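Chemist: one predicted model, sequence on top.
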Amino acid sequence: MFFYKAYGLTIQSEIELPELSIAEPATTWDILIKRGEIILPKVKKTPIYRRGIRALFGKDESGNLVLHWDGVASYKAIDGKELVISPLTDDVNLLSLFTVSEALGLILFQRGYFLLHASAVKVGDEAWCFMGNPGAGKSTTAAAFVKAGCPLLSDDLTAIQFDDHGKAFVVPAYPQLKIWENAVNGLSYERSILSPVSEGVNKFSYKPEGIFDHEPLRLANVFFLHKANNQAALKLLNSSAIPLETLKNFPLPVALLSGESLKTHFLQSFQCAKSAKIWKKRRPAGFELLEKWVQESISLNTEVLHVS
């Protein structure tokens, strides 16, 4: 058995998950990941792709959530406590890659986390999130902040919880950031500290040195990134526009959001809007301007903290 920590949860797993933070062996845990046979229920295509493979989603007769990737694995999430895996590959790195993404996301959804297809970093003592359509620059923007000294909180899947007063907090995921090769070159990342990932030959994994802090951080800023030159470089969104934006950036099959789940998603979107500033941000054109914006943002945030 392997023991890990991610998203504020202790995990016992029958398969190795090298992306996650190692935890001390324990007799109790929040999530059990185990191998098992999964009989696929009726499944439908989703818009979710990983390594070029389209995810299929369905629910079994007991209401358990099932994800399937041809040639990789089937996953079944049970009550937010168990993730059953039926592997279809012997590639342990590939299996881990798919397990710690949307499959683990199903468990987080069952546990009531508010989920975004986003990257997040720590700026000062706050959490900042970056999201947008594919190619908008989520991971690249996060990589620029990390290079500037901001600790990584999450890559690709960001989980948010709320305290008793409705304040939003980002729950750190695990210490890995996946960066496209052009961003590696443009941001001048040192190749010796990177390793190729199974997701594609043009993507690399960066694992920050030191201890990964798992303490939740208050959500302060959310940036919806875009490349449209006919839109403002930076615009503060009003609350009515936010639920639609978060819905577009939901990282799991949208079929999960219906009835009470959809109502909860909208409510949590408004809670985020009350806790943080929600921006629409045109991604700076070129890596030099991106790094300039990052430095300006960090400096401004530091000045505000100092004055406070």
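Modeler: Yep, it's here.

Chemist: would it be right to say that Leu94 lies in a helix?
Modeler: Yes. Read with DSSP: H, G, I helix; E, B strand; the rest coil, Leu94 is one of the residues of a helix.

Chemist: what score does it have for pLDDT?
Modeler: Leu94 is assigned a predicted lDDT (pLDDT) of 91.

Chemist: can you give me the helices for the stretch 1-150 of the chain?
Modeler: With DSSP state H, counting those that start in this stretch as the criterion, the stretch 1-150 of the chain has helices at 92-98, 104-110, 138-147.

Chemist: could you list the residues in contact with the second one?
Modeler: What that stands for is helix 104-110. 6-7, 31, 65, 67, 75, 77, 79-81, 83, 115, 157, 159, 251-252, 256 (Cβ atoms under 8 Å, 6 or more residues apart in numbering). Backbone N, C-alpha and C define where each C-beta goes, glycine included.

Chemist: make it 7 Å
Modeler: 7, 31, 65, 67, 75, 77, 79-80, 83, 115, 157, 159, 251-252, 256 (Cβ atoms under 7 Å, 6 or more residues apart in numbering).

Chemist: same check, this time on the last one
Modeler: Taking contacts as Cβ under 7 Å, 6+ apart, the residues outside helix 138-147 that touch it are 118-119, 121, 123, 130-132, 152, 155, 177-180, 183, 187, 189, 208, 225, 283, 290-291, 294.

Chemist: out of the residues you listed, which sit inside strands?
Modeler: 118-119, 121, 123, 130-132, 152, 177-180, 225 (DSSP state E).

Chemist: okay if I get those as JSON lines plus neighbour count, distance to Leu219 and pLDDT?
Modeler: Putting these into JSON lines (neighbours: other Cβ atoms under 10 Å; distance: Cβ to Cβ, whole Å; pLDDT from 0 to 100) gives the following:
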{"residue": "Ala118", "neighbour count": "29", "distance to Leu219": "11", "pLDDT": "95"}
{"residue": "Ser119", "neighbour count": "29", "distance to Leu219": "13", "pLDDT": "96"}
{"residue": "Val121", "neighbour count": "27", "distance to Leu219": "12", "pLDDT": "97"}
{"residue": "Val123", "neighbour count": "24", "distance to Leu219": "11", "pLDDT": "96"}
{"residue": "Phe130", "neighbour count": "26", "distance to Leu219": "12", "pLDDT": "96"}
{"residue": "Met131", "neighbour count": "22", "distance to Leu219": "12", "pLDDT": "93"}
{"residue": "Gly132", "neighbour count": "22", "distance to Leu219": "17", "pLDDT": "87"}
{"residue": "Leu152", "neighbour count": "24", "distance to Leu219": "15", "pLDDT": "96"}
{"residue": "Leu177", "neighbour count": "21", "distance to Leu219": "19", "pLDDT": "92"}
{"residue": "Lys178", "neighbour count": "21", "distance to Leu219": "22", "pLDDT": "90"}
{"residue": "Ile179", "neighbour count": "25", "distance to Leu219": "23", "pLDDT": "90"}
{"residue": "Trp180", "neighbour count": "17", "distance to Leu219": "26", "pLDDT": "87"}
{"residue": "Leu225", "neighbour count": "22", "distance to Leu219": "17", "pLDDT": "94"}
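
Chemist: where are the low-confidence patches of this structure?
Modeler: Residue ranges of the chain with pLDDT under 70: 198-201, 302-308.

Chemist: mind doing that once more with 80?
Modeler: Within the chain, the stretches with pLDDT under 80 are 134-135, 197-202, 301-308.

Chemist: nearest residue to the middle of it?
Modeler: Taking Cα atoms, centre = their mean, the centroid of the chain lies closest to Leu157, which sits 1.2 Å from it.

Chemist: please consider this matter closed, and thank you.
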